[in-house]
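Novice: coords please:
(one chain, ligands or ions: 2)
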Amino acid sequence: MSRSFDVLVIGSGIAGLSFALQVAQRGHSVAILTKKNKADSNTNYAQGGIAVVTAQTDDFAKHVRDTLVAGDGLCDRAVVREIVRDGPACVQELVALGLKFSRNQATGGYDLGREGGHSERRILHVQDMTGKAIEDALLKALAQEPRIALFEHFFAIDVITRRKPARPPPHGGDRVLGVYALDVRDGRVLTFRAPVVMLSTGGAGQVYLYTTNPDIATGDGIAMAYRAGVEVRNLEFIQFHPTALYSTTGKRFLISEAVRGEGAVLRNAAGVAFMRGYHRLGDLAPRDIVARAIDAEMKKSGAPHVWLDITHRTEAFLRTRFPQIYKACREAGINLARDMIPVVPAAHYTCGGVATNLDAETSLPGLYACGEVACTGLHGANRLASNSLLEAVVMAQRGAAAVDRYLQRARRLPAPAVPDWVDLGGGDIDERVVITHNWDELRRTMWDYVSIMRTTKRLERARTRLANLDREIHDYYWNFSIDSRLLELRNMLQVAALIVECALQRRESRGLHAIADFPKKLRRARPTRVRQARLRIPR
Ligand code: FAD
Ligand code: SIN
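Specialist: Ligands and ions are numbered 1, 2, ... in the order given. Model (predicted):
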């Protein structure tokens, strides 16, 4: 069975929803495919807020400078300038949809938060539930847009391309024709046809055993783009958030950096505040530095966590400013106003991803990427806090304008036949537990060998283990009927292998990539790039 639209959007987080609204407003028909419920996204979990210049004391040059400093020499300056400059107008569009950022009771103006690496208070937030407020506002607007069809529980498997290059590869003559997607509820694979596919599938935090990310973050879009022969970039730069709530269950609830923005102090096992010894900005140093400092303190003391101390603030303040964090800590038996919080770093953000330009275009005509899945050059070697939601809204708008232009041309191109998916699977997997075992092994391997501090030996060890897993998973993929868990495992494995390849390519320590064998920074910063010779799409 097949369905046709002008534009397919994969994912219903801030990037996908913002882009879909923009494209629909330009008169195009849009299908959003999302693999779980519509609000299941990293977006829904965002706490700190959106970094954007609004204050009188702030300006674009300062925000640009902070972004470049955090990015440790690898940001694309032109991209940083454009995204920072477009920020206020794009964020205003969210306000126009009904989003109400928290206001300062005394001044009536925005209550601006502060996070690591920012030289000014510039984070717009909705208490500590900014992402949920954004997701709600976007979904509400979407419900009123007749040109958008939303398909929940549809798992995008692979991008369909023309695959008849008139000119030599990489993409001469090739272009996007749609996607194959699994209807998760009945197991059928449908063909969605469209000349444009926007990947807005978010990041890959689930590749690691400990992560702040929800279950959806399995790097699907990165793996899909890679399989389509599109360049992926800078995947070694996995951002570990310094302060996730420590628990013995393995779950990692985020304690926002905004808590440090309100004066919280990190203390080691002996109760000593240690960040001043690592960076002049102390507890508000860029994230890579804070995460490494915590890692070092934990290794020194052997303690399973460090402490975050905000006990100098009143209970009334903490309850109002951080209601979600207050509640989660309370449930864990911690009263923020009286007790210190046990915290550990956890995988949080994928700085690299599918390489795009400032129009969200990838190297494959008709394939676009936006949000955490993409690598525009904004974040460089380490994302500045709260620049992710900013990038998503700005790039959604720029991508929509570019897609509008592309569709004028694409409409004149012939529409080749697209074969339906052929399921070669030989039946149901008898022992589903094997998938769970492989899933666990993959995540533990990445945590143990490709974490905050790296060595070439450990990376090579990870590469070998991943290759073994790959062989097993490949057998499953080809021999059994697919399901979403297996598809996620395949994608996570591919992304994990790409992270390792990029990490091995980078023979220096820069930003989030710290490797003991190459402790110095090279004079010239270059992105790492990986592109696969195109594979046949399995069907
Ligand atoms: P997501 O919001 O992750 O959405 C991805 C969507 O794609 C989901 O709907 C998912 O189901 C869907 N999807 C994935 N694969 C498939 C597939 N194969 N088929 C169909 N659908 C698919 N950033 C900030 O700037 N400020 C913050 O304060 C902040 N706080 C954060 C707090 C937490 C706990 C976390 C985890 C992240 C935070 N971030 C923050 C990062 C930020 O939330 C994300 O980078 C951003 O929301 C990503 O948006 P997105 O639209 O690109 O992806
Ligand atoms: C946080 O609130 O600490 C997360 C902010 C971000 O990831 O940008």
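Novice: Show me what the longest strand seen in the chain is packed up against.
Specialist: The single longest strand within the chain, with elements called by DSSP state E, is strand 341-350. Identification of packing neighbours for strand 341-350 by 3 or more CB pairs under 8 Å, 6 or more residues apart in numbering; DSSP states H and E yields strand 238-245, helix 287-301, strand 306-309. Using the backbone N, CA and C atoms, a C-beta is placed for each residue, glycine as well.
Novice: After it, heading C-terminal, what element do we hit next?
Specialist: Following strand 341-350 in sequence order, the next helix or strand is strand 353-355 (DSSP states H and E).
Novice: Next, see if the helix or strand just after that following strand gets close to ligand 1.
Specialist: Downstream of strand 353-355, the first helix or strand assigned by DSSP H and E is strand 367-369. No: against ligand 1, strand 367-369 shows no contacts by CB under 6 Å from any ligand atom, the least distance being 9.2 Å.
Novice: So for strand 367-369, mean pLDDT?
Specialist: Taken as a whole, strand 367-369 carries a mean pLDDT of 98.
Novice: And the next helix or strand past it?
Specialist: strand 374-375.
Novice: So the next helix or strand along the chain from that following strand, near ligand 2 or not?
Specialist: Using DSSP H and E, the next helix or strand after strand 374-375 towards the C-terminus is helix 387-410. Yes: Helix 387-410 reaches ligand 2 (CB under 6 Å from any ligand atom) through residue 388.
Novice: Give me the packing partners of helix 387-410, helices and strands only.
Specialist: By 3+ CB pairs under 8 Å, 6+ apart, helix 387-410 packs against helix 14-25, strand 50-51, helix 77-96, helix 130-143, strand 196-199, strand 367-369.
Novice: need those in JSON lines with mean neighbour count, can you?
Specialist: Formatted as JSON lines, these follow (neighbours: other CB atoms under 10 Å):
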{"stretch": "helix 14-25", "mean neighbour count": "27"}
{"stretch": "strand 50-51", "mean neighbour count": "30"}
{"stretch": "helix 77-96", "mean neighbour count": "18"}
{"stretch": "helix 130-143", "mean neighbour count": "20"}
{"stretch": "strand 196-199", "mean neighbour count": "30"}
{"stretch": "strand 367-369", "mean neighbour count": "29"}
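Novice: quick one: which of those is nearest residue 417?
Specialist: strand 196-199 (17.8 Å; CB to CB).
Novice: Skipping adjacent residues, who's closest to residue 444 in space?
Specialist: What sits nearest to residue 444 in space, not counting adjacent residues and going by CB to CB, 6 or more residues apart in numbering, is residue 209, at 5.2 Å.
Novice: Kindly list the main-chain dihedrals of the one you found?
Specialist: phi -60, psi -40 (degrees, to the nearest 10).
Novice: does it really touch residue 443, like I thought?
Specialist: Yes: applying CB atoms under 8 Å, one finds residue 209 in contact with residue 443, separated by 4.3 Å.
Novice: on that earlier part again, okay, the helices and strands packed on helix 387-410 in a markdown table with distance to residue 237 next?
Specialist: What follows is the helices and strands packed on helix 387-410, written out as a markdown table (distance: least, CB to CB, whole Å):
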| stretch | distance to residue 237 |
| --- | --- |
| helix 14-25 | 19 |
| strand 50-51 | 18 |
| helix 77-96 | 15 |
| helix 130-143 | 22 |
| strand 196-199 | 19 |
| strand 367-369 | 16 |
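Novice: Same list, these, but as a markdown table with distance to ligand 2 please.
Specialist: Shown next, in a markdown table, are those (distance: least, CB to the nearest ligand atom, whole Å):
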| stretch | distance to ligand 2 |
| --- | --- |
| helix 14-25 | 12 |
| strand 50-51 | 8 |
| helix 77-96 | 14 |
| helix 130-143 | 8 |
| strand 196-199 | 20 |
| strand 367-369 | 19 |
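Novice: Distance of the residue nearest to residue 444 relative to residue 222?
Specialist: Distance, residue 209 to residue 222, by CB to CB, to the nearest Å: 19 Å.
Novice: now swap in residue 524 and tell me
Specialist: Distance from residue 524 to residue 222, by CB to CB: 26 Å.
Novice: same question, residue 531
Specialist: 12 Å.
Novice: quick one, which of these two is more surrounded?
Specialist: Taking other CB atoms under 10 Å, residue 531 and residue 222 do not tie; residue 222 has more neighbours (32 against 16).
Novice: three-state assignment of the more buried one?
Specialist: helix (DSSP: H, G, I helix; E, B strand; the rest coil).
Novice: just use 49 as the starting number from now, easier for me
Specialist: Sure thing, new numbering starts at 49, so read that last one as residue 270.
Novice: For ligand 2, what's its nearest residue on the protein.
Specialist: Here the chain gets closest to ligand 2 at one residue, residue 96, 2.7 Å apart by CB to the nearest ligand atom.
Novice: On the three-state scheme, that residue is what?
Specialist: Bear in mind the rule, three-state DSSP; under it residue 96 is coil.
Novice: For it, give me its contacts.
Specialist: Residue 96 sits next to 161, 163, 171, 173, 176, 178, 304-306, 309, 433-434 when contact means CB atoms under 8 Å, 6 or more residues apart in numbering.
Novice: Show the pLDDT at residue 461.
Specialist: 83.
Novice: Report the contact partners of it.
Specialist: 223, 243 are the contacts of residue 461 under CB under 8 Å, 6+ apart.
Novice: still on that earlier bit, overlap in contacts, residue 579 and residue 270.
Specialist: residue 280.
Novice: still on that earlier bit, give me whichever of the helices and strands packed on strand 389-398 is most buried.
Specialist: strand 286-293 (a mean of 26; mean count of other CB atoms under 10 Å).
Novice: how far off strand 389-398 does that one point, in degrees?
Specialist: 150 degrees (axes from the mean of the first three to the mean of the last three CA atoms, to 10 degrees).
Novice: Any idea how far strand 286-293 is from the middle of the chain?
Specialist: 13 Å (CA atoms, centre = their mean, to the nearest Å).
Novice: ok, and the closest non-adjacent residue to the residue of the stretch 299-448 of the chain at minimum distance from ligand 1?
Specialist: Using CB to the nearest ligand atom, the single residue of the stretch 299-448 of the chain nearest to ligand 1 is residue 419, 2.2 Å away. Among residues not flanking residue 419 along the chain, residue 63 sits closest, at 2.7 Å (CB to CB, 6+ apart).
Novice: can you pull the contacts of the one you found?
Specialist: 248, 250, 418-421, 440, 443-444.
Novice: circling back to that earlier point, mind listing what the residue of the stretch 299-448 of the chain closest to ligand 1 touches?
Specialist: 59, 61-64, 248-250, 436, 439-440, 443-444.
Novice: next one: phi and psi at it?
Specialist: Dihedral angles (degrees, to the nearest 10) for residue 419: phi 90, psi -160.
Novice: how far away is it from residue 159?
Specialist: Counting by CB to CB, the gap from residue 419 to residue 159 is 26 Å.
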